[in-house]
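**Q** I would like to see how this sequence folds:
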Amino acid sequence: MAGTSFALASLVVLISAATTVSAAHCFFLKELAIIGGTYDEFDAADIRQCCIKCAQQGCCMAYTYDKIKKRCYMKSAISNSEERSYTTSGIKANIANGNGCKLTNIEIIGGSTSLNLKNSKECQEFCTAYGIYTWMPAGITEDNEPFDATCTCTNRIASLKYTYGAVSSILPNTITRSDDRSL
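**A** Just a heads-up that it's a prediction; the model follows:
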C-alpha cells in the first residue's frame, strides 16, 4: 500500500510538471480568431487551459479563446483568421524543444520585409532578427522545385491564412511568450 501511494504521489508531480511546462510554451495572438478547423470546444477560465490541452493533443495545432463566452475552440487546421476584440488565439509550440513553432501551408501576414530567396532555410536565416517568417513559392517546376519564392519577415502577426506550399515559423528566443504577453 505504501508503494501505491508513492507511485500515485509521483504521478501527480509528473502531471503537475508537464502542465507547467506546457503552459510556459504558449504563443498568444491577441484580438485574433482562427477560422475553421475546430475539432473540439470546452468551457475554460482562461486561455492557458486552451494552451495546455492543445499541447497534450497530437491533432491540435492552434486554438481560439472567446473571452466573453469563456470558451476554447481547439483547431486541427487553419483556413484563415479574423480580427475580433474579444478573442485571443494561440499556436502550438512544435520545434526547438517547445520554444518555437513551424507551420506548413500557413501564411503569416503582418510583413515588414520581403525578398526573393530560393528556400525556407535561407528565409529562416535571413529573418532571425525579426522572429517570424513566411516563405512561399509562386509555383512548382516540372522537376518539383519551387520557383520565384518570396520570403517575408515580420515581428508581429496580423493574420493567418491557408496557402498551399507556404512554410512559416515563429523562431525561438526572439519572441515574447505567454505570461499575458503576446506577439
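**Q** Please enumerate the helices of this structure.
**A** Counting by DSSP state H, the chain has helices at residues 2-24, 47-56, 120-126.
**Q** Of these, which shows the lowest average pLDDT?
**A** The minimum mean pLDDT among the helices of the chain belongs to helix 2-24 (a mean of 34).
**Q** Now do the same for G100: its pLDDT.
**A** 85.
**Q** Check T163 too.
**A** As predicted, T163 sits at a pLDDT of 90.
**Q** Provide the partner residues of the closest residue to it other than its chain neighbours in its beta bridges.
**A** Distance criterion Cβ to Cβ, 6 or more residues apart in numbering; nearest residue to T163, sequence neighbours excluded, is E107 at 4.0 Å. For every residue, glycine as well, the C-beta is placed using N, CA and C. Counting by DSSP bridges, E107 is bridged to K161.
**Q** List the contacts of E107.
**A** Counting by Cβ atoms under 8 Å, 6 or more residues apart in numbering, E107 makes contact with 134, 136, 160-163, 166, 168.
**Q** One more pass at 6 Å, please.
**A** Shown in contact with E107 (Cβ atoms under 6 Å, 6 or more residues apart in numbering): 134, 161, 163, 166.
**Q** Farthest pair within the residues you listed?
**A** By the measure Cβ to Cβ, T134 and K161 form the most distant pair in the contacts of E107, at 10.0 Å.
**Q** So which of the two has more stuff around it?
**A** Comparing T134 with K161 by other Cβ atoms under 10 Å, the one with more neighbours is T134, at 26 against 15.
**Q** And the residue at minimal distance from the centre of the chain, how close does it get to T163?
**A** Of all residues in the chain, the one closest to the mean position by Cα atoms, centre = their mean is I91, 2.2 Å from it. Separation of I91 from T163 (Cβ to Cβ, to the nearest Å): 16 Å.
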